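Enquirer: fold the following.
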Amino acid sequence: LMGGRLLHWMDIVAAVTAQRHSGRTCVTASVNNVSFGHPIPQASIVTLEANISRSFNSSMEVIIDVWTEDMQSGIKTKCNEAIYTFVAVGNMNKPTAVPDVMPETKKEKERFDAALRRRQLSLRDNPFTQAGLDAEKQLGTKINMSGYVLDDSQHYHFVHPNSTMSVNYFQMFNQVLDQM
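Expert: So this is what the prediction gives:
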């Protein structure tokens, strides 16, 4: 099985899981980790299991475990794992609150705790974070997950990760949004 095909399947399974948890449309915010442990031979039965490890304000971390089953022996082998982050969006495609995750099993509790550590490390190491904070102060508004802000004059700006300046070069983007 080609890795790209598996990534596509994982994205779909993770999206369905996030949408079921939140009851909202969800978009892929990031693919945080993909581990290709074992190749998936042709004619294998492939099972993808996705679970929300933790939810935050509007985002959810989804862990996908990929298993193969040998048709002859029935032996199941975990071959891949991935961690995706999804954001629930509501009206006007703005992030919206999602329900909390209540871990019950030991594995769920471990993944729940690990999700917070991963998020803290991700925010600390993300170049958008500091640039975003600086731009939020400068513009007096909040920045969404993709680095765009809507200012008081209804213009979208993109915040470059290596700059504290916002750049208004998405005029065409604004025109499309105005027509929606």
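Enquirer: tell me where the chain has strands.
Expert: 25-36, 45-55, 59-69, 76-89, 148-150, 156-159, 166-167 (DSSP state E).
Enquirer: how many other residues sit next to residue 85?
Expert: Using other Cβ atoms under 10 Å, residue 85 has 22 other residues around it. All C-beta atoms are positioned from the backbone trio N, CA, C, and that covers glycine.
Enquirer: for it, give its distance to residue 67.
Expert: As judged by Cβ to Cβ, to the nearest Å, residue 85 and residue 67 stand 22 Å apart.
Enquirer: likewise for residue 83?
Expert: Look at residue 83 and residue 67: by Cβ to Cβ, they are 16 Å apart.
Enquirer: repeat for residue 100
Expert: 28 Å.
Enquirer: okay, those two: which has more neighbours?
Expert: Under the criterion of other Cβ under 10 Å, the comparison of residue 100 against residue 67 puts residue 67 first, with 16 against 10.
Enquirer: state the pLDDT value of that one.
Expert: pLDDT recorded at residue 67 is 93.
Enquirer: I'd assumed residue 49 was in contact with it.
Expert: Yes. The pair residue 67 / residue 49 is scored as a contact, 7.1 Å apart, by Cβ atoms under 8 Å.
Enquirer: save the strands of the chain as JSON lines, and put in distance to residue 108 too.
Expert: Putting the strands of the chain into JSON lines (distance: least, Cβ to Cβ, whole Å) gives the following:
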{"stretch": "strand 25-36", "distance to residue 108": "18"}
{"stretch": "strand 45-55", "distance to residue 108": "8"}
{"stretch": "strand 59-69", "distance to residue 108": "10"}
{"stretch": "strand 76-89", "distance to residue 108": "15"}
{"stretch": "strand 148-150", "distance to residue 108": "34"}
{"stretch": "strand 156-159", "distance to residue 108": "35"}
{"stretch": "strand 166-167", "distance to residue 108": "40"}
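Enquirer: go through the ones you listed and name the closest to residue 112.
Expert: Relative to residue 112, the nearest member of the strands of the chain by Cβ to Cβ is strand 45-55, separated by 5.1 Å.
Enquirer: what's the mean pLDDT across that closest one?
Expert: The model assigns strand 45-55 a mean pLDDT of 94.
Enquirer: tell me which other helices or strands it touches.
Expert: helix 3-22, strand 59-69, helix 106-125 (3 or more Cβ pairs under 8 Å, 6 or more residues apart in numbering; DSSP states H and E).
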